[in-house]
Structure formats: structure tokens, C-alpha cells
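Asks: What shape does this take:
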Amino acid sequence: MDRRRFMAGTATATAGALVVFAGASPSSAQEAGGTTAATGATASDGPGGSGGSGGSGGSGGDHVKGLTAITQVFGAGQKLVAVAVEYDREIDGRTLSTSTFTVTDRTVTKVYTNRSADLAERARYGRYVIVELSPDDTAAALWVTQQGGGTPPTGGTGTGTGTGTGDSGGGVGAGGPKVGDTTPGGTIVAAKATLTQAGTVTTAHGTQYSASSTALTTDAVKNLIVDDFQQFTFADPATGQTLNYNLFVPKDYDPRKRYPLVLFMHDASVVNVATDGPLVQGLGAVCWASPEDQARHEAFVLAPEYGSVVIDDDYLPSTLFDATANLVESVTRQYSIDRRRRYTTGQSMGAMMSLGLNIKYPDLFAAAFIVAGQWPEAQAAPLAKKDLWILVSADDTKAYPGEQAITAVIQEQGTQVSTALWDGQSTAAEFAADVRGMKAQRTPVNFAAFEAGTVVPTGSTTSAHMATWQVAYTIPGIRDWIMRQSM
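Replies: Take a look at the predicted model:
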């Protein structure tokens, strides 16, 4: 994978779903002459080949070597955004259009050539034809919850049952999953697509591959950013707990250097789904590992997957809480991690754990990004000594008043807190300006809330609580602030 071609850390809106780019965005290939097909390479762009020039080369299906499904993580979860079709010869991209291929239950938005099975900003001479698909299609969604979009799998396809209570309200607790609950709240759908070459494809040397009625199914998958994580298991001798976790190691890791580490903890909907659940459910983990973020702040990213609910509104966590702190220490010892630059973030249950860990283990993290979570204000005084960025929705009936109470306690302890109301539908540039405005106040605690009614996409059944983190992790300026803090 040519990481130099990737663009990450930029937020864009697409029917209410937000994405951090890893590679080019869907529908981003450069168009030529105002057509819907990206410009391909001509025969003179590459080396000569066998097969002569012009003439018929049989049907296209006979010349396809393989199909790769390409996935990308958005704020609302992972989606299948393209199919890379590998032919046996270089293809002339000038002859391609969005009508050259059909993909079952999907909308084709761009078609262009490339040298590898990757999304691209510009078409390049090669044997691969990239068929980009609309991420707004219902069938695009690979992470499905009771509140999310997408088509739940049938016949047992995917991982998890998708029948759990998930994390639908203002967090876990009353009316939601309890500590120890192992019911998955989401489902990971297998990334598959069925493609048909509906029009003629012409090679760079003029041979025509005629349309074929043969339906071809993807036989490989490329998961942008997600595939850059490794999966491990941590057996904690102190608690007796076992934690499956995902770990991103910087590409050019040098044990002679010291690196920051970011811990991401998921919400209750991801409980007991799969080890890679925290990576595909949304951007909370993968945004820190995006090529653009890594270019600014090389860092390890740690994302455990909890087999059961760790904490609820009784605020009496299971031993997985302490096992998480022990996991952070274990990874710190194993790699060259800077103890002064360890950070935590999480959504809902994970936000509650971030707050609780900062209280119980005050020397563990330099800063925390708290998204849609709360903690009893009676225990919040130690948070006055921490660097925090808090983000909730004003119509989150539990996390918003909970964070208001916490920040009031922090201010009573003499710590300055900057506050702001943001429009959850802001553009990337507007969010950047919002962040700069809060940074300019130079306070150790920043408390921003999305205005009521602005984070839930039109027509969506997602709660304001869950919609908060679909937007929160698309704002790179907050991550930049977090990464600049040190103990």
C-alpha cells in the first residue's frame, strides 16, 4: 500500500455521515472533459504488450483475474466504497464510464484505472479498474446497529447478532445494558460485492473486451487503515481478566525514539462483537492512525475490545476497568512509549471509563478526549488537575447535564474551563475555526457541546447520544490539541 498517496484527517459530509479519508475519498477521482469517468492512461503511457492492437479479445469476464472489495471507515462505521477489478492487461481508462459496470444494489459513482487495488485522486495507467460506489447506499454499511443504517446480514453472515440493546440512550445504565452484559449491540457485515461488466472495456493497445452477463463476486478485501492494526490478547495476572485488543504501531517505528500512545475505548454497542469491532464501528480508533494524523503526530493507537459491559450508571466497574490500566502499562513496557504522552479517549461507556481511569490512576494519562460520557460529580474533583477536551450534544439527556455538573466541580477547584456551543452540521473549516477559538483561551479544560438538533442526520433514527461520536472524531483540531499535552 502506497501510503504517500493517502489523504487523512479531513472531514466531509455525505448524507449526514462523516469520514476521515484513508486514500482518496469515494467519488474523488479526477474527472475529464466533464464526463463521469476519470481519465485513464493511453497506450503510450506504458510499456508495450502482447496481443496486437485493435480487435476483439472476447468477453470481459474471461480477462478478469480478481475483484477486491475496498472498505473505508466513516463516522457511522465501516462501508464498502469501491471494487477494484484486476484485468490481465493494462486498460484504456478513456473508454470507461459509470455505465461500464453494474454492482448489485449499489450506485456506481466513478470508474477509472489504477496501478493497484487502491482508491486514487488521479487515474493512473494500469491493469486495475476502480469502480467507486456511493457510501450513501443502504447496502454500503458494514457496521449495523439497531439505530444505524445498512442492511443486516441474513443467513448468519457477519459477526455478532445485532439483536442487543446496544448503547441507544445517554450512555449505559438505567434502561440500558448492565455491567457484565455480553449481548452484542452491533453486527459486522462481510464485505462482498457482485459486479457485472455491462459495457466494453478496451485495453491500452486497443483490444476490446466485450460486455459479459457473468456476475463476478469479490474474492479479496482491502480495509483502509483497519488493516494497519494488529490483533493481540492480553492476559492480566493482576485481575485474571483477558482482553483482546487492536494495536497500531507507527510505520517507521524506531525503538530508540519515544512515542505517544492513544487509548480508545468503545461504547456498549461494540461489546462482544469481534476483536476488530472498535476499528469498524466508527472513527474513534482509526482516526489517530490515519496517514495524515500520523504525519503530524506519530503515535501508537491501542483499542481493546470488551467482551462484556464494563461500567453502568452504578459506577461500579468490573475488573476489566483495572485490566485496561494494566494493559496500557504492559504495552508501554513492551514498546518505546513516552509515559508523559499517553492519552485516553472514548465514547459513552468508553468516555465514562476515561473519566474514571483519570480519577483512579491520575498519573496514567496526560490528557483525555471525552465524547458523550459522564461520571458522578461527587468524585470529579481530581479531574481539575487534568487536561480535558469534552464534547457532547446538548440534547443528550444524560451526558450533557452530567458533564455540566463535572465542569462546575472543576471550576470550583479553581481550574479554568472554556465553553462553547457548536453547530454539529458545521463544515470542516467551520469546526477548525471553532477549535481555534477555544484553543485561544488557553484553558486546561475545554467543554464544547453541539447545539440541540444538529448532530442527527436528516431521516436518521440514530440518537443524539450516538450521533455525537459520528461527528466528534472527524475534527482533527481536537486531536492536535490532545497530542500537544504532556505530563
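Asks: what residues does stretch 328-339 touch?
Replies: Stretch 328-339 is touched from outside by 234, 236, 247, 249, 253-261, 263, 300, 302, 342, 364, 487, with contacts defined as C-beta atoms under 8 Å, 6 or more residues apart in numbering. The way it works is simple: take the backbone N, C-alpha and C, and place the C-beta from them, glycine included.
Asks: now that stretch: how far from the chain's centre is it?
Replies: 24 Å (C-alpha atoms, centre = their mean, to the nearest Å).
Asks: What is the linear distance spanned by it between its boundary residues?
Replies: 10 Å (C-alpha to C-alpha, to the nearest Å).
Asks: Pull out the buried residues from that stretch.
Replies: 328, 330-332, 335, 337-338 (16 or more other C-beta atoms under 10 Å).
Asks: Is E292 within a helix or a strand, and which one?
Replies: With secondary structure defined by DSSP states H and E, E292 is part of helix 291-296.
Asks: name the helices or strands packed onto that helix?
Replies: When contacts are defined as 3 or more C-beta pairs under 8 Å, 6 or more residues apart in numbering; DSSP states H and E, helix 291-296 sits against helix 476-483.
Asks: Mean confidence (pLDDT) on the helix it packs on, please.
Replies: The pLDDT scores in helix 476-483 average 98.
Asks: now do stretch 258-277
Replies: Regarding stretch 258-277, the rounded mean pLDDT is 98.
Asks: With just CA atoms, put that stretch into CSV.
Replies: This file holds the C-alpha atoms of stretch 258-277, laid out as CSV (Å, rounded to 0.1, in the frame of the first residue of the first chain):
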residue,chain,number,x,y,z
ARG,A,258,9.8,7.7,22.4
TYR,A,259,6.3,7.7,21.0
PRO,A,260,2.9,8.9,22.3
LEU,A,261,0.1,6.3,22.8
VAL,A,262,-3.6,6.9,22.4
LEU,A,263,-6.1,4.5,24.1
PHE,A,264,-9.5,4.4,22.6
MET,A,265,-12.4,2.7,24.5
HIS,A,266,-15.6,1.8,22.7
ASP,A,267,-19.3,2.2,23.7
ALA,A,268,-21.6,-0.7,24.8
SER,A,269,-22.8,-1.4,21.2
VAL,A,270,-19.4,-2.9,20.4
VAL,A,271,-19.3,-5.3,23.3
ASN,A,272,-18.6,-9.0,22.4
VAL,A,273,-18.8,-8.3,18.6
ALA,A,274,-15.3,-9.1,17.4
THR,A,275,-11.7,-8.0,18.2
ASP,A,276,-11.8,-5.5,15.3
GLY,A,277,-15.1,-4.1,16.3
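Asks: how about it: buried residues?
Replies: If you call a residue buried by 16+ other C-beta under 10 Å, then stretch 258-277 has these buried ones: 259-277.
Asks: Of those, which belong to strands?
Replies: 259-265 (DSSP state E).
Asks: Closest one to S134 out of those, please.
Replies: Nearest to S134 out of those is F264 (C-beta to C-beta; 28.2 Å).
Asks: nearest spatial neighbour of the closest one, skipping sequence neighbours?
Replies: The spatial neighbour of F264 that comes closest, neighbours along the chain excluded (C-beta to C-beta, 6 or more residues apart in numbering), is A285 at 4.2 Å.
Asks: Tell me the helices and strands packed up against whichever strand or helix holds Y245.
Replies: Following DSSP H and E, one finds Y245 within strand 242-248. In terms of contacts (3+ C-beta pairs under 8 Å, 6+ apart), strand 242-248 is packed against strand 229-235, strand 300-305, helix 320-334.
Asks: hang on, the earlier thing: give the contact list for the residue nearest to F264.
Replies: Contacts for A285 (C-beta under 8 Å, 6+ apart) come out as 229, 246, 248, 264, 266, 278-279, 301, 303.
Asks: For the stretch 101-250 of the chain, give me the ranges with low pLDDT.
Replies: By pLDDT under 70, the low-scoring segments of the stretch 101-250 of the chain are 146-175.
Asks: about what we covered before: if you rank the contacts of A285 by neighbours, which is first?
Replies: Neighbour tally across the contacts of A285 (other C-beta atoms under 10 Å): the maximum, 32 neighbours, falls on L279.
Asks: if we can go back for a sec, pick out the most distant pair among the ones in strands among the buried residues of stretch 258-277.
Replies: So, those by C-beta to C-beta: farthest apart are Y259 and M265, at 19.7 Å.
Asks: And what about the nearest residue to A220 once chain neighbours are set aside, helix, strand or coil?
Replies: Distances taken as C-beta to C-beta, 6+ apart place T68 nearest to A220, at 4.4 Å, with adjacent residues excluded. Three-state assignment for T68 (DSSP: H, G, I helix; E, B strand; the rest coil): strand.
Asks: contacting residues for T68?
Replies: T68 touches 83-84, 86, 117, 218-222, counting by C-beta under 8 Å, 6+ apart.
Asks: what bridges to it?
Replies: A84, A220 (DSSP bridges).
Asks: Which of the contacts of stretch 328-339 are buried, as a PyMOL select command?
Replies: Per 16+ other C-beta under 10 Å, the buried members of the contacts of stretch 328-339 correspond to this PyMOL selection:
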select buried, resi 234+236+247+249+259+260+261+263+300+302+342+364
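Asks: If we ignore the residues flanking it in sequence, what's nearest the residue nearest the centre of the chain?
Replies: In the chain, the centroid-proximal residue (C-alpha atoms, centre = their mean) is L283; its distance is 3.0 Å. In this structure, L283 finds its nearest non-sequential neighbour in Y473, 3.7 Å apart by C-beta to C-beta, 6+ apart.
Asks: quick one: contacts for that neighbour?
Replies: 20, 75, 282-284, 287, 371.
Asks: just curious, which of these is nearest to T187?
Replies: G282 (14.3 Å).
Asks: Quick check: the closest one touching K79?
Replies: No: with contact defined as C-beta atoms under 8 Å, G282 does not reach K79; the gap is 11.3 Å.
Asks: Find residues that contact each of the two.
Replies: In contact with both G282 and K79: V73, using C-beta under 8 Å, 6+ apart.
Asks: Quickly check the buried residues of stretch 328-339 for the two that are furthest apart.
Replies: S330 and D338 (15.8 Å).
Asks: And the helices in this structure, which stretches?
Replies: In the chain, the segments counted as helices under DSSP state H are 277-280, 286-289, 291-296, 320-334, 349-360, 399-412, 428-439, 464-472, 476-483.
Asks: quick one on the thing from earlier: can you list the ones in strands among the buried residues of stretch 258-277 in a markdown table and add distance to E132?
Replies: Formatted as a markdown table, these follow (distance: C-beta to C-beta, whole Å):
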| residue | distance to E132 |
| --- | --- |
| Y259 | 35 |
| P260 | 34 |
| L261 | 35 |
| V262 | 30 |
| L263 | 34 |
| F264 | 28 |
| M265 | 33 |
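Asks: I'd like the distance between the residue nearest to F264 and L302.
Replies: Distance, A285 to L302, using C-beta to C-beta, to the nearest Å: 8 Å.
Asks: What residues are recorded as beta-bridge partners of F248?
Replies: Beta-bridge pairing for F248 (DSSP bridges): F229, V301.
Asks: Quick check, it in contact with D227.
Replies: No: applying C-beta under 8 Å as the test, F248 and D227 come out as separate, 10.5 Å apart.
Asks: And the pLDDT at G459?
Replies: 85.
Asks: from now on call the first residue 14
Replies: Noted, 14 is the first residue going forward, which turns the last one into G472.
Asks: Check the gap between it and D149 for me.
Replies: 11 Å.
Asks: out of these two, which sits in the more crowded spot?
Replies: Ranked by neighbour count (other C-beta under 10 Å), G472 and D149 place D149 first, with 16 against 8.
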